[in-house]
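Undergrad: The following comprises the amino acid sequence and a computationally predicted model.
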Amino acid sequence: MSYNENHKNDQLDPETVAAETVQQGATDGAVAAVKEKKPRAALGVTIAKYATALVVVLVLFWFGFTTVVREGQCAVILRFGAVRTETTEAGLYFKLPWPFESVVTYDNRLQYLEANRLETTTKDKRNIILQSYVVFEIEDPVLYHNSVGSIGSVDSYLNDQIFSATNSVMGSYELTALVSLDAEQIKIDRIQEEIFTRVHDVCLANYGINVIDVSILRLTLPDNNIQAVFEQMKTDRQKEIDSILAKANLEADKITTDADTEAAEIENQGKIDASEITKETEKAVAKIYNDAQTANVDLYKFLKNLDAMVSSVNSSTILVIDENKYPFNLLFDYADYTTEGTMLFDLSYILERLEEPDRTALINAIGTLIEQAATDNNISLG
């Protein structure tokens, strides 16, 4: 306190002085407490500043010094615009921040593209419209980046290669290789294979694109060629009909020829067999006559005369005999009977079994009948 203040306090009463003293002590304590809190607050602000700075640094490092390649992607890392490295595996990679290095990513999955329609000409000068589809993937990211580029359209490059390959291949094939009733003339598989080979080799070598498949999606015809194609289809169908008919006629002729040959062989064999049977029959008859002549000369002569007389008499000549009158009744003793009447078989057999008187009587009686029949019919027995 100053000198004036001390003298002033001397003039106050003790109670006033005591109260002022207490108030002054409280004020000094509050000031001391405030002075103690100031270092703690400053420390918290400092820590927050450093933490924020660290987060900012980490974020800047993450976005500036790293890049993420996702599954199904490939990437090319460029340093001042030139390719530094490539990657085809998913993961986290380090790089320098822009403008030192940049990253370009591409879709590395299988991709499908329907090419534009192409009107081309076949070997036989027929116009056709073909549309193909292609399945591809990026095989070489660096070559793809340098040839196609991030702003380039891969569709146009693939369309150009498909058009070029299709025009070149179809110039070597006629329309019947695509449209024909004859399955042997269809060459679609071979055409697609040749187009695929050309497109695959060029795209892999020039663009870093691996072409998996190239196939014809649809085939159409210009309006002015539809009628010509229909006529060609009719012609092909008529050729097939003519071929079927020719084969049928050939088979029919062959069947007829084989049947005629077989019939001729059967007829010839029948004649041979008949000739053999006739020979055997004649031998048997000769043997019978020989045996008959040896056994009974009179019977043999009678039979020969009987054959001559029967041959001379007309086939419609009828001999009427009385089965109950001798000697004709002897015939019926050896006859076979049926329900239709009396049937007589093998006269020589019967005559061989008769006694001599009966046999002679029967021969003379039959001879008389035959002579009478010949006389009635004006036939000379010689």
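TA: Sure, I can see it.

Undergrad: For the nearest residue to Q185 once chain neighbours are set aside, give me the pLDDT.
TA: Spatial nearest neighbour of Q185, chain neighbours left out: T176 (4.7 Å); criterion: C-beta to C-beta, 6 or more residues apart in numbering. Where C-beta positions appear, they are placed from N, C-alpha and C, glycine not excepted. In this prediction, T176 carries a pLDDT score of 86.

Undergrad: How about the one 3 residues further on?
TA: V179 is assigned 81 on the pLDDT scale.

Undergrad: what about it, distance to K247?
TA: 24 Å (C-beta to C-beta, to the nearest Å).

Undergrad: out of the two, which sits in the more crowded spot?
TA: Neighbour totals were compared for V179 and K247, and V179 leads with 18 against 10 (other C-beta atoms under 10 Å).

Undergrad: Check which helix or strand V55 maps to.
TA: helix 14-65 (DSSP states H and E).

Undergrad: try F230
TA: helix 223-295.

Undergrad: hang on, the earlier thing: how would you label the residue nearest to Q185: helix, strand or coil?
TA: helix (DSSP: H, G, I helix; E, B strand; the rest coil).

Undergrad: Reduced to three states, what does the closest residue to F328 other than its chain neighbours come out as?
TA: Leaving aside its chain neighbours, F328 sits nearest to I321 (4.3 Å; criterion: C-beta to C-beta, 6+ apart). Taken by three-state DSSP, the conformation at I321 corresponds to coil.

Undergrad: mind checking how far I321 is from T375?
TA: For I321 relative to T375 (C-beta to C-beta), the value is 17 Å.

Undergrad: which of those two has more neighbours?
TA: The neighbour comparison of I321 against T375 (other C-beta under 10 Å) goes to I321, with 14 against 11.

Undergrad: From what I see, that one and L330 are in contact.
TA: No. In this structure, I321 is not within contact of L330 by C-beta atoms under 8 Å, at 10.9 Å.

Undergrad: where are the low-confidence patches of the stretch 1-150 of the chain?
TA: Residue ranges of the stretch 1-150 of the chain with pLDDT under 70: 1-41, 57-65, 96, 150.

Undergrad: Go again with 90.
TA: 1-109, 118-122, 124-129, 141-150 (pLDDT under 90).

Undergrad: can you map out the helices along the stretch 101-250 of the chain?
TA: 141-147, 154-170, 188-206, 223-295 (DSSP state H, counting those that start in this stretch).

Undergrad: What lies in contact with the shortest one?
TA: Put plainly, it is helix 141-147. 74-76, 83, 86-88, 104, 106, 108, 138, 157, 206-209 (C-beta atoms under 8 Å, 6 or more residues apart in numbering).

Undergrad: Any buried residues in the one helix or strand F332 maps to, and which?
TA: Following DSSP H and E, the helix or strand that holds F332 is helix 329-333. Using 16 or more other C-beta atoms under 10 Å as the test for burial, helix 329-333 gives 330-331.

Undergrad: what's the answer for stretch 148-166, then?
TA: 148, 154, 157-159, 161-163, 165-166.

Undergrad: ok, back up a step: helix or strand right after the helix holding V55?
TA: strand 66-69.

Undergrad: following that next one, which helix or strand comes up?
TA: strand 73-79.

Undergrad: about what we covered before: quick one: the residue nearest to Q185 from T122, how far?
TA: On the measure of C-beta to C-beta, T176 and T122 end up 9 Å apart.

Undergrad: Number of residues surrounding the nearest residue to E240 once chain neighbours are set aside?
TA: Distance criterion C-beta to C-beta, 6+ apart; nearest residue to E240, sequence neighbours excluded, is L181 at 5.9 Å. Per other C-beta under 10 Å, the neighbour tally for L181 reads 16.

Undergrad: Quick check: L181 touching Q232?
TA: No. Using C-beta under 8 Å, L181 is not in contact with Q232, being 9.8 Å away.

Undergrad: Let me know the pLDDT of L344.
TA: For L344, pLDDT reads 48.
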